[in-house]
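[1] have a look at this fold, sequence not included:
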Ligand code: PBG
């Protein structure tokens, strides 16, 4: 009897063609969603210093941006906005001429087939930088260390619903609430249906963790809380079973798609969500995941292309159907180069 086993895994790695043939996971540009930061003004293409290669764009830059994304075959964008003015209730968030509403219309005018997903949250629009309405004595109190104020969950729901409806009116295909208020998916669904936007889908940031990896985004979207933090409403990174409860609740309220965010430190959550729920699953590879590889690559400590593709592949392997990533355009180019 031979001293070697008949089956040798290494046989299937002997050449690039063979490796590709037996690959279990493939990374594909058609699964990638590209985030965009929109700003008022003319001719603005302002690079975000902590996210080299990512820009705040004015609306007039969108046609060219769409042409590029369409030519690369990227199917969807996720929009964030920088408002002209901020106030206590984030009024521009639901204004017909708000930055997102203008952006959605400009994108749809140039690229009607582009799937437009809008972030539904208040933190970029409120002067205090929190994701909802602050009250001194709210009925439901979330968050601490905010100058004696609390985030009023239930008062926020009405605003989030208004934001979602205004995005639908502008032509958004999918609204994506990222605020983590309890009950927001149901409130948004009800408001959309009441305005006959039954076809607008909800991608719920169902399991969104309070994370240090959002750091660069807060510069990009100018959305850092003025006081306190978001640990009263975003999830605690020590918990996994809780994510499954959050996702279940959002599905029960009508979420069409679910999101896990961030991705890289939460691959186990992506896997468990994939195994537990029969819903399209999106993972958000957040700003810090991008910036840390960019910074290391700028120092020649890491190979950006290799590490970024490895990172994105790991998210697919964990079970994500689609990935929100700042590397969307680069990844498509890299994959084409082979
Ligand atoms: C909140 C929101 C955040 C991100 C997306 N939506 C920031 C936060 O919750 O503090 C972070 C995305 C990233 O880091 O790339 N509207």
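    Structure's in. What do you need? Note that the structure is a prediction, hence the values are computed from the model and not measured.

[2] now do the helices in the stretch 201-338 of the chain.
    Using DSSP state H, counting those that start in this stretch, the helices of the stretch 201-338 of the chain run over 215-220, 241-253, 267-276, 287-298, 304-318, 328-337.

[3] using JSON lines, lay out those together with distance to the ligand and mean pLDDT.
    Quick note: C-beta positions are derived from backbone N, CA and C, even for glycine. Below are those laid out as JSON lines (distance: least, CB to the nearest ligand atom, whole Å; pLDDT from 0 to 100):
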{"stretch": "helix 215-220", "distance to the ligand": "3", "mean pLDDT": "90"}
{"stretch": "helix 241-253", "distance to the ligand": "15", "mean pLDDT": "96"}
{"stretch": "helix 267-276", "distance to the ligand": "16", "mean pLDDT": "98"}
{"stretch": "helix 287-298", "distance to the ligand": "3", "mean pLDDT": "98"}
{"stretch": "helix 304-318", "distance to the ligand": "14", "mean pLDDT": "98"}
{"stretch": "helix 328-337", "distance to the ligand": "13", "mean pLDDT": "97"}
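
[4] and residue 55, how many neighbours?
    Here the number of neighbours of residue 55 (other CB atoms under 10 Å) works out to 17.

[5] would you agree it is in contact with residue 39?
    No. Judged on CB atoms under 8 Å, residue 55 makes no contact with residue 39 at a distance of 9.4 Å.

[6] between these two, what contacts are shared?
    residue 46 (CB atoms under 8 Å, 6 or more residues apart in numbering).

[7] please determine how far the closest residue to the ligand within the stretch 1-150 of the chain is located from residue 326.
    Among the residues of the stretch 1-150 of the chain, residue 121 lies closest to the ligand, at 3.4 Å counting by CB to the nearest ligand atom. Separation of residue 121 from residue 326 (CB to CB, to the nearest Å) stands at 18 Å.

[8] now do residue 153
    With CB to CB as the criterion, residue 153 and residue 326 are 30 Å apart.

[9] any buried residues in stretch 150-165, and which?
    By 16 or more other CB atoms under 10 Å, the buried positions in stretch 150-165 come out as 150-157, 159-165.

[10] of the residues you listed, closest to residue 317?
    Closest to residue 317 out of these is residue 164 (32.4 Å), distances taken as CB to CB.

[11] please identify the helix or strand for that closest one.
    Counting by DSSP states H and E, the element that carries residue 164 is helix 153-170.

[12] I'd like the next helix or strand past that helix.
    strand 174-177.

[13] what mean pLDDT does that next one get?
    For strand 174-177, mean pLDDT is 97.

[14] show me what that strand is in contact with.
    By CB under 8 Å, 6+ apart, strand 174-177 touches 76, 78, 115-121, 160, 164, 167-168, 184-185, 188, 192, 200-205, 256-257, 259.

[15] strands of the stretch 1-150 of the chain, residue ranges please.
    With DSSP state E, counting those that start in this stretch, the ranges of strands along the stretch 1-150 of the chain come out as 32-39, 45-47, 55-58, 76-82, 115-120, 134-135, 141-142, 150-152.

[16] give the contact list for residue 30.
    73-75.

[17] if you set the cut-off to 6 Å instead, what comes out?
    residue 75 (CB atoms under 6 Å, 6 or more residues apart in numbering).

[18] would you mind measuring from it to residue 74?
    Counting by CB to CB, the gap from residue 30 to residue 74 is 8 Å.

[19] what touches both of the two?
    By CB under 6 Å, 6+ apart, no residue touches both residue 30 and residue 74.

[20] the ligand contacts on the stretch 101-250 of the chain?
    119, 121, 123, 178, 214, 217, 223, 230 (CB under 6 Å from any ligand atom).

[21] my read: residue 126 touches residue 90, true?
    Yes. Counting by CB atoms under 6 Å, residue 126 touches residue 90, with 4.5 Å between them.

[22] the two: which is more packed in?
    residue 90 (29 against 25).

[23] my read: the more buried one touches residue 121, true?
    No. Using CB under 6 Å, residue 90 makes no contact with residue 121, being 8.9 Å away.

[24] OK, contacts around residue 40?
    Per CB under 6 Å, 6+ apart, neighbours of residue 40: 84, 99.

[25] from residue 324, how far off is it?
    24 Å.

[26] ditto for residue 218
    On the measure of CB to CB, residue 218 and residue 324 end up 17 Å apart.

[27] who has more neighbours, these two?
    Legend: neighbour count by other CB under 10 Å for residue 218 and residue 324, higher for residue 324 (25 against 16).

[28] that one and residue 34 touch, don't they?
    No. When contacts are counted by CB under 6 Å, residue 324 is not listed as touching residue 34 (7.9 Å).

[29] burial of residue 295, as a residue count?
    Residue 295: 14 neighbours (other CB under 10 Å).
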